[in-house]
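Trainee: Structure of the sequence below:
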Amino acid sequence: MHKLIFRTAVFFILSTSCLDQNKSKNADNSIIANDTIMNKKVIQQKITPCLWVETKDAKAVADYYLSIFKDGKLKEHRKHKNPQEAGGGDFETAIIDIAGMELNILAAGPFFKFNESVSFVINCKDQAEVDYYWNALTVNGGQESSCGWCKDKYGLSWQIVPVEYFDLINSNDPDVREKAIRNTFKQKKLILSELK
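Mentor: Numbering: from 1, shown residues only. Next up, the predicted model:
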């Protein structure tokens, strides 16, 4: 049954993610593409991550990420009903744009969990930005890990990294490189001043 729900959900995600956002709504609130793109698909992003979250409220998930990534926007939100042959039930999808990256959100219930095999790296310009994202992602149900890794309240893994960190761990000076790497293992949130 999970496979059938998964296939139905994938169909809905695929049918909505490639169209241009220049759309209009029918009276029944469904979204249709304008005539200018009806005969061709417009690819806005070659690879779009799809996050299957354990809730059925895609709008709440979208609002959560948009509260953290202030330059983001909600591009689409839809409510769906599974056909009876897929087990029935409702689920929701949303498309958001955060930090210039489009994400699909599939809120179809607790069938799959995130794990650390996939994470998103946030490249931060300075310690203040590291602090901001670390705090925003770990409060209200998030979880600190080690070496700059954390999880948000949905269980998605993030790496919050100041860009200067890469200079330190790739330095030609072995003392600089070793100190940065050694101190990385002592930290949860990366603190740049302690890595130098």
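Trainee: can we go C-alpha only for contacts and neighbour counts from here?
Mentor: OK.
Trainee: residue ranges of the helices in this structure, please?
Mentor: All helices of the chain, identified by DSSP state H, fall at 2-17, 58-68, 127-138, 164-169, 174-184, 192-195.
Trainee: Present these as CSV; the columns should include mean neighbour count.
Mentor: CSV is the format used below for those (neighbours: other C-alpha atoms under 10 Å):
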stretch, mean neighbour count
helix 2-17, 15
helix 58-68, 18
helix 127-138, 18
helix 164-169, 17
helix 174-184, 16
helix 192-195, 15
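Trainee: These: which one's closest to residue 106?
Mentor: Evaluated over those, closeness to residue 106 peaks at helix 58-68, with 6.6 Å, by C-alpha to C-alpha.
Trainee: domain assignment for the protein?
Mentor: As recorded under automatic domain parsing, the domains making up the chain are 2-107, 119-195.
Trainee: got CSV for those domains, with mean pLDDT too?
Mentor: Listed next are the domains of the chain as CSV, based on pLDDT from 0 to 100:
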stretch, mean pLDDT
domain 2-107, 74
domain 119-195, 97
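Trainee: will you turn those into TSV that also has distance to residue 113?
Mentor: Shown next, in TSV, are the domains of the chain (distance: least, C-alpha to C-alpha, whole Å):
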stretch	distance to residue 113
domain 2-107	7
domain 119-195	8
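Trainee: Any chance of CSV for the helices of the chain, columns distance to residue 106?
Mentor: Below are these laid out as CSV (distance: least, C-alpha to C-alpha, whole Å):
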stretch, distance to residue 106
helix 2-17, 7
helix 58-68, 7
helix 127-138, 20
helix 164-169, 33
helix 174-184, 34
helix 192-195, 36
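Trainee: So which of those helices is nearest residue 144?
Mentor: Among the helices of the chain, helix 127-138 sits nearest to residue 144 (C-alpha to C-alpha), with 6.2 Å.
Trainee: quick one: which of the helices of the chain is nearest residue 157?
Mentor: helix 127-138 (9.6 Å).
Trainee: For the closest one, which helices and strands make contact with it?
Mentor: Packing partners of helix 127-138 (3 or more C-alpha pairs under 8 Å, 6 or more residues apart in numbering; DSSP states H and E): helix 58-68, strand 149-151, strand 157-162.
Trainee: And the contacts of the first one?
Mentor: When you say that, I think you mean helix 58-68. Here helix 58-68 makes contact (C-alpha atoms under 8 Å, 6 or more residues apart in numbering) with 72-74, 77, 92-96, 98, 105-107, 133, 136-137.
Trainee: cool, stretch 147-157 as well?
Mentor: The contact list for stretch 147-157, computed with C-alpha under 8 Å, 6+ apart, reads 53-54, 113-116, 118-120, 134, 137-145, 158-161, 184-190.
Trainee: Just the buried ones from these?
Mentor: Neighbour counting by 16 or more other C-alpha atoms under 10 Å classes 53-54, 114, 134, 137-138, 142-145, 158-161, 184, 187, 189-190 among the contacts of stretch 147-157 as buried.
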